[in-house]
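Enquirer: sequence first, then the predicted structure, then my questions.
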Amino acid sequence: MSKWSSMLPKGCRSTSGFGKRWGVLHAGHDWGPIIAGTPGTPVFAPHAYTVIATGYGYGRAADRIPYHSGRFAWLDIGVHNGDRMRIYVGHLASLNVKPGDKGKAGDRIGTMGGSGSNGENHFAIHAHIGVSVNNNRPINAWNARTNSGWINPIPWFASKGIIIGQTVPVTGSTKNTASTSSSTGNQNWYTVNKLMRTAKRGVKIMNGRGTKAKRLATLVGKGYRVTVLERRNSWARIRAKGKTGWVTWLQLENTDGSLDIDMILPTRRKNTTVRSGRKSGTRTNIIGTAHAKGYRLRVLRKTKTWAQIRWVINGKARNAWIPAKNII
C-alpha cells in the first residue's frame, strides 16, 4: 500500500478554500501556520514524488505556473486510480528541493511563506496547495481554473486518510525533514535534548503553558543547566531537578551565555509603544503601537531593559524597540 503523509504539521489552520474567488477559481486550498504570522513551518511531500519544477512566479501568463505568484514547487506523485497526479505548493519562503529530485512521503519540500503578491511579510504567511488531475496532458494553470484540471484538495486528501491540520506528517528523509531546526524563527519543531541553562535565578518550572498552570519546581541558580525537550512558541518544555515541565523561552540561554531569541513572541499587555530608539521619554521616536495583548513580534535581541524587534510599518520592515518587560 502506498505511503501517504500530511503536507503540513498538525495544528496548521485552513485560511482559504477551493472555489470561486473574485470571479475565477481559487485552484487550491490555503493553510496558515499554527499561530498566525509564525515563520518556519515546514511543508512535506504527500507521497513518493519527482520534482517537475521549482521557481518564482510573478502572476504573469509567461510564468512556469501561469498567473500564480511567489516561490513554488511542482511535484509529480505518479498515477493513482488511472489519473496522473501533480501537487503544486505556492507562496513558499524557501525550498529544500530542486527539479529532478526524487523522494518519499514526509520529505521536507520547503518552508511556508508569504512570497508573491501576498508580500514577503509575516502577516501573509501561508501555503497554497493545489491538486491537479491531468493524466499526461501539458499543465496550464490558467486554463485549468475553468476546467477539471484542478480539484478540491480537501476531499482528495481525505480519500487517502489525510486531513491537513489534523493528521501528523510521517517521517521522510533525514536531510529534508524538520526533525531539527535552526535557532531562527518561531519554531514548534526543535532539536530534542538540547542542553541550555537558565538566564536568571528563580525560574519556575510549570505543569503547563497557560496562566492557570501550577508550579512544579523552582531553579534557584542562574546558569542552572536544563535539557530542552521541546519548544512551543514562547515556551520551552524542559527537564531539570527530576521534573519535566514548561518555562518561558526568554528565561533560557545557550551554554555559552548567548541568547537564542530570534523568534516571534507575544506582548504582555495591550497598546505597547513601538519606538525607533531606546528613549522612552520622548514622543519623537514613536513609530507605532502593538494594540493587542498577545500581539506577536519578532524579537531580534534583548538587553536588560529593552528588546529590539522587527516591525512592519507602511508595508516596510524596520528594526524598532519596545520595553523588554512588555514581552512574554
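Expert: Okay, I see it. Numbering: from 1, shown residues only.

Enquirer: shaky segments in the stretch 101-250 of the chain?
Expert: Along the stretch 101-250 of the chain, segments meeting pLDDT under 70 span 117-123, 134-148, 171-193, 233-234.

Enquirer: can you map out the helices along it?
Expert: In the stretch 101-250 of the chain, the helices defined using DSSP state H, counting those that start in this stretch lie at 141-144, 153-158.

Enquirer: counting contacts, what elements does the last one pack onto?
Expert: The reference is to helix 153-158. Applying 3 or more Cβ pairs under 8 Å, 6 or more residues apart in numbering; DSSP states H and E, one finds that helix 153-158 contacts strand 127-133. C-beta here means a position set from N, CA and C on the backbone, and glycine is covered the same way.

Enquirer: extract the CA atoms of the strand it packs on and return them as CSV.
Expert: Output of strand 127-133 as CSV, limited to C-alpha atoms (Å, rounded to 0.1, in the frame of the first residue of the first chain):
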residue,chain,number,x,y,z
ALA,A,127,1.0,27.8,1.8
HIS,A,128,-1.2,27.3,-1.2
ILE,A,129,-1.6,23.6,-2.1
GLY,A,130,-3.1,22.6,-5.4
VAL,A,131,-4.0,19.1,-6.6
SER,A,132,-4.1,18.6,-10.4
VAL,A,133,-5.6,15.6,-12.3
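
Enquirer: in its sheet, what does that strand sit against?
Expert: strand 29-32 (antiparallel), strand 83-95 (antiparallel), strand 150-151 (antiparallel) (DSSP bridges).

Enquirer: just send the ones you listed back as JSON lines, with distance to Lys20 and mean neighbour count too.
Expert: Below are the strands paired with strand 127-133 laid out as JSON lines (distance: least, Cβ to Cβ, whole Å; neighbours: other Cβ atoms under 10 Å):
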{"stretch": "strand 29-32", "distance to Lys20": "14", "mean neighbour count": "21"}
{"stretch": "strand 83-95", "distance to Lys20": "18", "mean neighbour count": "21"}
{"stretch": "strand 150-151", "distance to Lys20": "12", "mean neighbour count": "20"}
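
Enquirer: to Pro169, which of those lies closest?
Expert: Ranking these by their distance to Pro169 (criterion: Cβ to Cβ) puts strand 29-32 first, at 12.7 Å.

Enquirer: just checking, next helix/strand downstream of that closest one?
Expert: strand 42-44 (DSSP states H and E).

Enquirer: and the next element down the chain from that following strand?
Expert: Heading C-terminal from strand 42-44, the first helix or strand you meet, by DSSP H and E, is strand 49-58.

Enquirer: who are the packing partners of that following strand?
Expert: strand 69-80, strand 83-95, strand 102-103.

Enquirer: tabulate those (CSV), appending distance to Ser16.
Expert: Output for the helices and strands packed on strand 49-58, formatted as CSV (distance: least, Cβ to Cβ, whole Å):
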stretch, distance to Ser16
strand 69-80, 14
strand 83-95, 11
strand 102-103, 28
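
Enquirer: to Lys241, which of those strands lies closest?
Expert: strand 83-95 (38.5 Å).

Enquirer: worst average pLDDT in the strands paired with strand 127-133?
Expert: Here the lowest mean pLDDT among those goes to strand 150-151, at a mean of 84.

Enquirer: so how far is that one from its chain's centroid?
Expert: 25 Å (Cα atoms, centre = their mean, to the nearest Å).

Enquirer: could we number from 59 for the rest of this?
Expert: Got it, the first residue is 59 from now on, which makes the last one we talked about strand 208-209.

Enquirer: so what touches it?
Expert: With contact meaning Cβ atoms under 8 Å, 6 or more residues apart in numbering, strand 208-209 is reached by Phe76, Leu83, Ala85, Gly86, Gly188, Val189, Ser190, Val191, Ala199, Ala202.
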